[in-house]
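Undergrad: Quick check, what structure comes out for this input:
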Amino acid sequence: MGPLNGITVIELEAIGPVPMCGMLLGDLGAEVIRVDRPGGSGDPLRTLMGRNRRSVAVDLKHPEGAGVVLRLAAGADVLIEGMRPGVAERLGVGPDRCLAANRRLVFGRMTGWGQQGPLASTAGHDIVYIAVAGALHGIGSGVAPPPPPLNLVGDFGGGALYLTVGVLAALLERDRSGTGQVVDAAMIDGVSSLLTMFHELSAMGLWSEQRGSNLLDGGAPFYTTYPTADGRFVAVGALEPPFFAALVEGLGLEGEIPAQHDRSGWPEMRRRFAARFASRTRADWEEVFAGTDACVAPVLTMREAKDHPQVAGRGGYVEVGGVRQPAPAPRFSRSVPTRPTPAVDPGADTDGVLARFGFSADEIVALRTAGVVA
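TA: Numbers count the residues shown, from 1 in each chain. Predicted coordinates:
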């Protein structure tokens, strides 16, 4: 069983980082129960992230809805939510009430701006959080506007992963203290934390705020991407001198390239590299650099990545509900999670979940009749 076997998580319906956190906890073996809105058809964008869930449909706007969630919280280890500050409190399921029902509960909160500050109640999405945190400015070339880096940096990197780390840390601390606590995870905080190395480089005078001029932002011709003859791309990450030497050798440019860290020679180096990569196809370059330490790789689409030998060799994808999707990560030597289960429709498990948390058959019927649950 997974390392979180025996841990029960209540996930209040949300988008983005909260379902991602729920997926990660479920992949690690936790029992995750999502509280959905009655009558909801389900968000198609969370079909994969919604794996490993049971669903109970509760109307939190009904006067009795909060009481149902509080009883779930009383029998759970973790509750995670992604509402704007104050909303959970207004609905009657804020941390004070939930912790009063269960002093061992870990209450995880996920927002973009955090629970305090002048922007706390303001709407936003990944791109605005990473903009204010300083991450977006450093992405892209120096001449074009910064491109959105999907929503990997804010929602999932600075959001879901930091919420997950916080929940796990709070569970460990609870084993010592016997008491749960609130985990306040904010994307602006998580993204700022992810930028730590770049703040360090800046403090050392080794990082310029001129986008596209640094070692790791595409400014270096040996750490960037190049188009190939067939309109595809290769990625180059030859930072260390031996890797750089292997790159130059593979390109057949020995003795023709300026010194690696002579910035005055970088424009010429980039032109030579670009011309050479453009002369052959991506597959040709894969063959040339196969088995070398040049750190050259094909830029694959997500569909292509599923079948790459390295990904396939680690069993990187599994089929769940007829859909190939990323396998649970990371791997463990002893704790092997069960195979992921496909997402379910909102309310698919209402009766079973409520019974699991001590609701009698008569109570469930009464709640259904009153429209509290569905």
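Undergrad: for the longest helix anywhere in the chain, packing partners?
TA: Criterion DSSP state H: the longest helix present in the chain is helix 161-177. If you count contacts as 3 or more Cβ pairs under 8 Å, 6 or more residues apart in numbering; DSSP states H and E, helix 161-177 packs onto helix 17-27, strand 78-81, strand 106-111, strand 182-186, helix 187-194. Where you see a C-beta, it was placed from the backbone N, CA and C, and this is true even at glycine.
Undergrad: pLDDT below threshold where in the chain?
TA: Filtered on pLDDT under 70, the chain yields the residue ranges 41-46.
Undergrad: From the centroid of it, which residue is nearest?
TA: Nearest residue to the geometric centre of the chain (Cα atoms, centre = their mean): Phe156, 2.6 Å.
Undergrad: picking up where we left off before, nearest to Pro346, out of the helices and strands packed on helix 161-177?
TA: Closest approach to Pro346 among the helices and strands packed on helix 161-177 (Cβ to Cβ): helix 17-27, 12.6 Å.
Undergrad: Send me that closest one as PDB with only the CA atoms.
TA: Output of helix 17-27 as PDB, limited to C-alpha atoms (Å, rounded to 0.1, in the frame of the first residue of the first chain):
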ATOM      1  CA  PRO A  17      -3.700  23.300  -7.400                       C
ATOM      2  CA  VAL A  18      -6.300  21.800  -5.000                       C
ATOM      3  CA  PRO A  19      -7.300  18.900  -7.200                       C
ATOM      4  CA  MET A  20      -3.600  18.400  -8.100                       C
ATOM      5  CA  CYS A  21      -2.800  18.200  -4.400                       C
ATOM      6  CA  GLY A  22      -5.600  15.700  -3.900                       C
ATOM      7  CA  MET A  23      -4.300  13.600  -6.800                       C
ATOM      8  CA  LEU A  24      -0.800  13.600  -5.300                       C
ATOM      9  CA  LEU A  25      -2.100  12.600  -1.900                       C
ATOM     10  CA  GLY A  26      -4.300   9.900  -3.400                       C
ATOM     11  CA  ASP A  27      -1.500   8.600  -5.600                       C
END
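Undergrad: Sheet-wise, list the partners of the helix or strand just after it with their directions.
TA: With elements assigned by DSSP states H and E, the helix or strand that comes after helix 17-27 is strand 31-36. When pairing is defined by DSSP bridges, strand 31-36 lines up against strand 8-12 (parallel), strand 53-57 (parallel).
Undergrad: right, and these - which one's nearest Pro148?
TA: Taking these one by one with Cβ to Cβ, strand 8-12 is closest: 26.5 Å.
Undergrad: relative to helix 17-27, how tilted is that closest one?
TA: Put simply, strand 8-12 runs at 160 degrees to helix 17-27, going by axes from the mean of the first three to the mean of the last three Cα atoms, to 10 degrees.
Undergrad: Please state the offset of strand 8-12 from the chain centre?
TA: Between the mean C-alpha location of strand 8-12 and the chain-wide mean there is a distance of 18 Å, by Cα atoms, centre = their mean, to the nearest Å.
Undergrad: If you compare the directions of it and helix 161-177, what angle comes out?
TA: 140 degrees.
Undergrad: Now for the residue with the largest distance to the centre of the chain, which secondary structure element holds it?
TA: Taking Cα atoms, centre = their mean, the residue of the chain most remote from its mean C-alpha position is Gly255, at 43.7 Å. Using DSSP H and E, Gly255 sits in no helix or strand.
Undergrad: returning to what we had before: take the strands paired with strand 31-36 and lay them out in TSV including distance to Arg109.
TA: Formatted as TSV, the strands paired with strand 31-36 follow (distance: least, Cβ to Cβ, whole Å):
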stretch	distance to Arg109
strand 8-12	10
strand 53-57	20
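Undergrad: Now mean neighbour count and distance to Arg282 too, for these, in a markdown table please.
TA: Output for these, formatted as a markdown table (neighbours: other Cβ atoms under 10 Å; distance: least, Cβ to Cβ, whole Å):
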| stretch | mean neighbour count | distance to Arg282 |
| --- | --- | --- |
| strand 8-12 | 23 | 41 |
| strand 53-57 | 23 | 39 |
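Undergrad: For Thr111, which of the ones you listed is the nearest?
TA: Of all the strands paired with strand 31-36, strand 8-12 sits nearest to Thr111, with 13.0 Å by Cβ to Cβ.
Undergrad: And the contacts of the closest one?
TA: With Cβ atoms under 8 Å, 6 or more residues apart in numbering as the test, strand 8-12 has contacts from 18-19, 21-22, 25-26, 30-35, 53, 69, 72-73, 75-83, 88, 93.
Undergrad: do stretch 236-248 as well
TA: 215, 220, 222-226, 254, 257, 260, 273, 289, 292-297.
Undergrad: Quick one, which of these are buried?
TA: Neighbour-count burial (16 or more other Cβ atoms under 10 Å) is assigned, among the contacts of stretch 236-248, to 220, 222-224, 226, 257, 260, 273, 289, 294-297.
Undergrad: which two from those end up farthest apart in space?
TA: Top of the distance list for the buried ones among the contacts of stretch 236-248 (Cβ to Cβ): Ile257 and Ala297, 20.3 Å.
Undergrad: still on that earlier bit, just the ones of the contacts of stretch 236-248 in helices?
TA: Applying DSSP H to those, the entries found in helices are Phe273, Phe289.
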